[in-house]
Each structure stands twice: as C-alpha cells, then as structure tokens.
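*Asks:* Give me coordinates for this.
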Amino acid sequence: MRKPETVEVLYLDFDGFFASVMQQVMPELRGRPVGVIPFPTDAANSTSVIACSREAKARGVKNVMLVREARALCPDIVLVPQRPDLYRRAHNALLNEIACEIPIEVVKSIDELTCRLDARAIAAPRDLAARIKGRIARNIGPFITCSVGFAANRLLAKIACKVDKPNGVTIWAPRDMPGPLESRPLSDVPGIGSRMQERLARAGITTMAGLLATQPKQMRALWGNVTGERMWYALHGYALHAMPTSRGMFGHSRVLPPEWRTMARAHACSRMLLTKAARRMRRAGFRAKSLSLWLMMRDQSWGSHIRLHGVQDDQAILRALGELWERAEEGLLLRVKIISVGVTLGDLSPAGERQCDLFLDDDKGRQKAELITRTIDDLNRRFGKRVVTTGPWIPPPGGYAGGKIAYNRIPSAEDFW
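*Replies:* Presented below is the predicted three-dimensional model:
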C-alpha cells in the first residue's frame, strides 16, 4: 500500500453555507446572527434552527437547535426561512469557479468537495487555496467563504479542514505527521460519533494518540468490519481508493408546520413526498421492492413498511402508501399531532429487472400503469414544471417539499417542481 510523501488531496468545506448564502444575497443580514428555519411561520418557537451563521455560532447557537433555545442564547437572532433553490444555484456557481482553478474529483455534499492535486498545487498548496478564495470573493461574493485542508489522503484532508474554520487553510504535510493529528479530538474523525466514542472508551481509547497507537486488526475488531482497518491506514497517511457505493433508497421527509399536524394533512404531505421520491428513483433507473412510512409525534413515533413487487409506477406506489396509512390510523389516535412525516422507497433493483406477481397476473395492468407514469414524467419534463399529477397535490406552507435544505444530497431542478 502506497504512503504518499507529499500532500495529494484538497478538501474544501464552505463555512456556514446556507446562512452565508442568505447573507450574500440579502445585505440586511450581513454581520448579524442568522438562523435558517424550515418554513415561514408565526409560531417560530415550535420549530428548529437548521443552519446558522458564524455570528450566531459565536453566541452559542448550533445547527439543529430549537428556536427557543437559540433565542435564549442569542435574543437578536434573525430567523429566515430556507431557500433550497437558491442554495442549489449557489452550489453550482461555486463549483464552476473552483473548477476554473483545479478539477473537482468528488462532490461530497452541497457544501463539501475534494480535489486531486497536480504538480503545481503540490508545490504551492497555499497559493491554490488563495486563488480559489479570491475567485469566489470576486465572482460570487465575499460573504461566502470556505475552509481548506491539504493532506496525503481524503480523510486527513477533511480533518485538517476543520482546524482553522472559518475561512482558514491547513496543510498537513506527511513529514509533519502524526503530530498535528494527535492534538485533535476523536470527534473530528468522520464516523466517530458519541456511540463509537463510548465503544472506544470501553477499550481504553479516549484520545487521538491512543487511537493511533492501535493496530489495524484491532481497529477492525472495534468497528466490527473492514471500515475500522481502512480508517487505521488512512489515519496513518496511506493512500486509499474510495470503496464503491451503491444506492440503497430514495426518500423524503418533512417537518410539518403547526397548522398541518393532523392525520389528513400529514397524509397529503406524505403523498407529495412519495411522488417526488418516485420521480427521483425513475430518473436514476431503479425499481423499489419496499415502501416505508414513519411519523414522529411529541412523545412517540410510529413506522411501518410494506413489500412491493419491484415497482416504479405512481399507481402501485401510492396504493401501497394508502395501505400504510390505514395501518397508521388503526395504531394511532386520530387526534394525535404529527410533527414530521417521512417516506422511503427501498430494496432497489435496476429498472430493467422487471418482476411481476405470477399469482396476481399483473403484467398487462402494470405495463399500462408504467406507460401512464412515463407519459406524466415526459410532460412535466417537457414543460419544465408540474403540469400533471397522479391524484391531489397539496403542498404544505413554505414549499420545497422534496427539495428541502440538504447536506448530503444536491437537489436537481426537477425536485422543485
């Protein structure tokens, strides 16, 4: 296994991306503590801050914090509803600027990416970071900043990226390692959350130095799979190829506004979310063999799933959703307040692997339903908006159902139809 002698990877993370984009386009927000909330509402205390600006973070506000808690820490926080369409456009514009300086290897999320360094960048990484930052400031705006980490591999570059936030540059040359890494907390390592820290503590590992002192097989045993062993080699500066991944599901969820927290409204919202998830699934070329519905209340949750016969048409999927809601109505009081709703299409198979139910003799009916669904998709795609839907389409207040604020997924334009 190769161990690089120079930095080879750049990891870039935009600072407070969602809030900084809002500050860039809304001058009245600049320099003020900003909290992004899911939807416009007069009852803001009943929702959460899903992203916040650096000014708010300096006052103790964190992402995914209740609004009332955020206001207790920062009484003058300015709450603004999310604008996912704006974030998508900003993401694409920023990628175009970065690509003018260096090819982008992998887009990790809407606010993170990695680049493989060429000889020029390896010789002068700080100059590359300065060029990227300068280009963004000139062509996009100075209120969207980024932190950059350079290291021998992607994992180390990602950890280095956190060292000097916001708007910093950190270079971890292999000759200096593992010194800079040893001073970082275990929580800086992607994949080490609170539960993993507890597991490591039971094994007597409470510091980064203790983690680095382990052996590859010990790390594998602690993680219970090869991920731990791969992490050992990455932390020790070896170059690793990313493991291939496969799509496991398509889904959407939504926190409901206070006036929408009824069974009927939650059902309508889930119907829309499922239709959008099914569209994404068809665009990606998959069928689903399972559907899950989950509901969150104040003091309880409910969930159930149903098996499907490798379907992708709206009729079959929405019919299955109706069956799940019948179960929900049997298991919950009709007056229960539903805070959030989510749907997931899972157990995927390629669209070409079409399976029919021999006992239902559904081949002819399924082909007809799929033709109708394809026709609807084609009409919506041709006109660039939602012109035809299967059944009622009742969007909740605030919009963006299925195209909400996303850290791990970059919405497409079609997600907002």
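
*Asks:* Settle this for me: Pro395 is touching Thr275, isn't it.
*Replies:* No: no contact is recorded between Pro395 and Thr275 when judged using C-beta atoms under 8 Å, the distance being 11.3 Å. Where C-beta positions appear, they are placed from N, C-alpha and C, glycine not excepted.

*Asks:* And these two? Which one has more around it.
*Replies:* Applying other C-beta atoms under 10 Å to Pro395 and Thr275 shows that Thr275 carries more neighbours, namely 23 against 13.

*Asks:* In terms of helices and strands, where is the more buried one?
*Replies:* In this assignment (DSSP states H and E), Thr275 forms part of helix 263-284.

*Asks:* Check which element follows that helix along the chain.
*Replies:* Sequence order places strand 286-296 as the next helix or strand after helix 263-284, per DSSP H and E.

*Asks:* angle of that next one against helix 263-284?
*Replies:* With axes from the mean of the first three to the mean of the last three C-alpha atoms, to 10 degrees defining the directions, strand 286-296 sits at 150 degrees from helix 263-284.

*Asks:* Touching stretch 320-329 from outside, list them.
*Replies:* Contacting residues not belonging to stretch 320-329 are listed as 263, 267, 270-271, 274, 291-293, 295, 302, 304-306, 308, 343 [C-beta atoms under 8 Å, 6 or more residues apart in numbering].

*Asks:* Pull the most distant pair out of the residues you listed.
*Replies:* Met263 and Leu308 (23.4 Å; C-beta to C-beta).

*Asks:* Counting neighbours, go ahead and name the busier of these two.
*Replies:* Using other C-beta under 10 Å as the criterion, Met263 and Leu308 rank with Leu308 on top: 21 against 18.

*Asks:* tell me the secondary structure for the more buried one?
*Replies:* In terms of secondary structure, Leu308 is strand; the call rests on DSSP: H, G, I helix; E, B strand; the rest coil.

*Asks:* Measure how the host helix or strand of Gly303 sits relative to strand 286-296, angle-wise.
*Replies:* Secondary structure here is read from DSSP H and E; on that basis Gly303 sits in strand 301-311. Between strand 301-311 and strand 286-296, the angle formed by their directions is 170 degrees, by the same axes, to 10 degrees.

*Asks:* after strand 301-311, next one along is what?
*Replies:* Past strand 301-311, the next helix or strand by DSSP H and E is helix 314-331.

*Asks:* buried stuff in that next one?
*Replies:* 314-318, 320-321, 324-325, 328 (16 or more other C-beta atoms under 10 Å).

*Asks:* Mind putting those into TSV with distance to Arg30 and pLDDT?
*Replies:* Conversion of those to TSV gives the following (distance: C-beta to C-beta, whole Å; pLDDT from 0 to 100):
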residue	distance to Arg30	pLDDT
Asp314	44	92
Gln315	49	92
Ala316	50	92
Ile317	45	95
Leu318	45	94
Ala320	48	96
Leu321	44	96
Leu324	46	95
Trp325	45	94
Ala328	45	91
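
*Asks:* and of these, the nearest to Arg2?
*Replies:* The shortest approach to Arg2 among those belongs to Ile317, at 46.6 Å (C-beta to C-beta).

*Asks:* quick one: the closest one and Val311 touch, right?
*Replies:* Yes: between Ile317 and Val311 there is a contact at 6.1 Å, judged by C-beta under 8 Å.

*Asks:* which neighbours do these two share?
*Replies:* Between them, Ile317 and Val311 have Ala288 as joint contacts when contacts are counted by C-beta under 8 Å, 6+ apart.
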